[in-house]
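J.: One predicted model, sequence on top.
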Amino acid sequence: QLQLVESGGGLVQPGGSLRLSCAASGFTLNYYAIGWFRQSPGKEREGVSCISQSGGSTNYTDSVKGRFTISRDNAKNTVYLQMNNLKPEDTAVYYCAAGILPGCHLINYWGKGTLVTVSS
């Protein structure tokens, strides 16, 4: 069965850090661009970050630039999102997604999400 599984979410205070992981099973992530998306209650899902198949190209939405870092370890079939200096507005369900085309605009597989709550 082809699936993506996110982990690492939880409750953190403002200014804190979390590292999300996205592990694939049933297929190899090497061939896919991987994106992190998030959705807060009452809001549309938004793209947070995307990393190319090789890891040589990354992009971020403006609100997380300088605070979040996406990376991948193809040997472990896993992609990470390091989130630092978290803010209450980062609270959301975070999803990882795999797309065979560059840019994370067309997605082939979605994970089920992990909840990140930033609150004091």
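T.: Thanks, I have the structure now. Numbers count the residues shown, from 1 in each chain.
J.: what residues does stretch 8-22 touch?
T.: Contacting residues not belonging to stretch 8-22 are listed as 4-7, 34, 36, 78-88, 94, 96, 111, 114-120 [C-beta atoms under 8 Å, 6 or more residues apart in numbering]. Glycine gets a C-beta too; all of them are placed from N, C-alpha and C.
J.: Return the per-residue confidence for the spatially closest residue to residue 118 that is not a sequence neighbour.
T.: The shortest distance from residue 118 to any non-neighbouring residue, by C-beta to C-beta, 6 or more residues apart in numbering, is to residue 86 (4.6 Å). The pLDDT attached to residue 86 in the predicted structure is 98.
J.: Then the one 4 residues further on?
T.: In the predicted model, residue 90 carries a pLDDT score of 98.
J.: Please determine how far it is located from residue 70.
T.: 15 Å (C-beta to C-beta, to the nearest Å).
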